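S.K.: Take a look and give me a structure for this.
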Amino acid sequence: MFKLYKYFQILLLISWFLILILSKLKYTCYFLLVYLAQRINFNVVIMETDFEDLITGYLANRIGISDHFLSEGLCGNLAANLLQLHQENDLKEAGIGNDNLLNTNSLIRKDKIYWLDKMHNNPYENLFLEKMDAFVSYLNTTCYTNIQSYEFHYSLYEVGDFYKKHLDQFKDNSSRQYSMISYLNPDWVEKDGGELLVYQTDVNQKIAPTHGKTVFFKSSSLEHEVLVTNELRMSIAGWFKK
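M.R.: Numbers count the residues shown, from 1 in each chain. So this is what the prediction gives:
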């Protein structure tokens, strides 16, 4: 009887111990879930602030600018990916005109491009495109833009390259609604050139292609050009479409 009582005490102690562990795990899991929820909410707030920077600037000045729309880490990885594509000769000479009228003219445009696609399974491209998905959702929810799709490509300008004054929306195809350019140029300084020159109604606006900066504007209304580059210039450019 004494042995049974002793075993019972041992089992009781083990049970209490397990209850204590599970209780602590419960609170640990609870605090972990709270922390994760706070981090997710924090990231969403930051993302929506970036979106609002672009939208507010666009409404006020016809062009939205966010200086740190892309994180330093993502910019670095995208830039490294673009340079690798360049080294492997995967970039193609950029053309002008839509698919039906596409042609190359080095007197108008001299950059090289590579289209982004989730099918590439590149983690950094996908992170960028996931942010574009979130931006489309935000635009459609808050501004009722009815954006249905988008397309983006890497763009690389070598020394002496440029893109003359143009509109992004084609004359025979109005599907492009908004243009976006994100820059991937660490340590850019003014002498490097390659600024985006935007032709505003009253005064022209020159925008430096600094690392992480993103610009956003209406594809059909703002003529713009890329000034001659004096150093390698990298970006991701694209359009939100109906």
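S.K.: Poorly predicted segments of the protein, please.
M.R.: Applying pLDDT under 70 to the chain flags residues 1-47, 99-102.
S.K.: Would you state the helices of it in chain order?
M.R.: Remark: helices of the chain, listed N- to C-terminal, are 2-61, 72-87, 123-142; assignment by DSSP state H.
S.K.: how many degrees apart are the last one and helix 72-87 in direction?
M.R.: When you say that, I think you mean helix 123-142. 120 degrees (axes from the mean of the first three to the mean of the last three C-alpha atoms, to 10 degrees).
S.K.: what about helix 123-142, distance to the chain center?
M.R.: For helix 123-142, the gap between its own C-alpha mean and the chain's C-alpha mean amounts to 7 Å (C-alpha atoms, centre = their mean, to the nearest Å).
S.K.: Use 536 as the first number for this chain going forward.
M.R.: Sounds good: first residue 536 from here, last item helix 658-677.
S.K.: ok, and for that helix, which residues are buried?
M.R.: Neighbour-count burial for helix 658-677, counted by 16 or more other C-beta atoms under 10 Å, picks out 659-660, 663-664, 666-667, 670-671, 673-674. Every residue, glycine included, has its C-beta placed from N, CA and C.
S.K.: Show the contacting residues for the spatially most central residue of the chain.
M.R.: Nearest to the geometric centre of the chain sits Phe663, at 4.2 Å (C-alpha atoms, centre = their mean). For Phe663, the contacting residues are 605, 609, 613, 651, 687, 717, 771, taking C-beta atoms under 8 Å, 6 or more residues apart in numbering as the criterion.
S.K.: ok, Glu758 to Gln735 distance?
M.R.: Counting by C-beta to C-beta, to the nearest Å, the gap from Glu758 to Gln735 is 9 Å.
S.K.: Ok, Asn596 next?
M.R.: Spatial separation of Asn596 from Gln735 under the definition C-beta to C-beta is 8 Å.
S.K.: Run a quick neighbour tally on the residue nearest to Gly728 when sequence neighbours are not counted.
M.R.: If you skip the residues right next to it in sequence, Gly728 has Asn765 as its closest partner in space, 4.1 Å away by C-beta to C-beta, 6 or more residues apart in numbering. Neighbour count for Asn765, taken as other C-beta atoms under 10 Å: 14.
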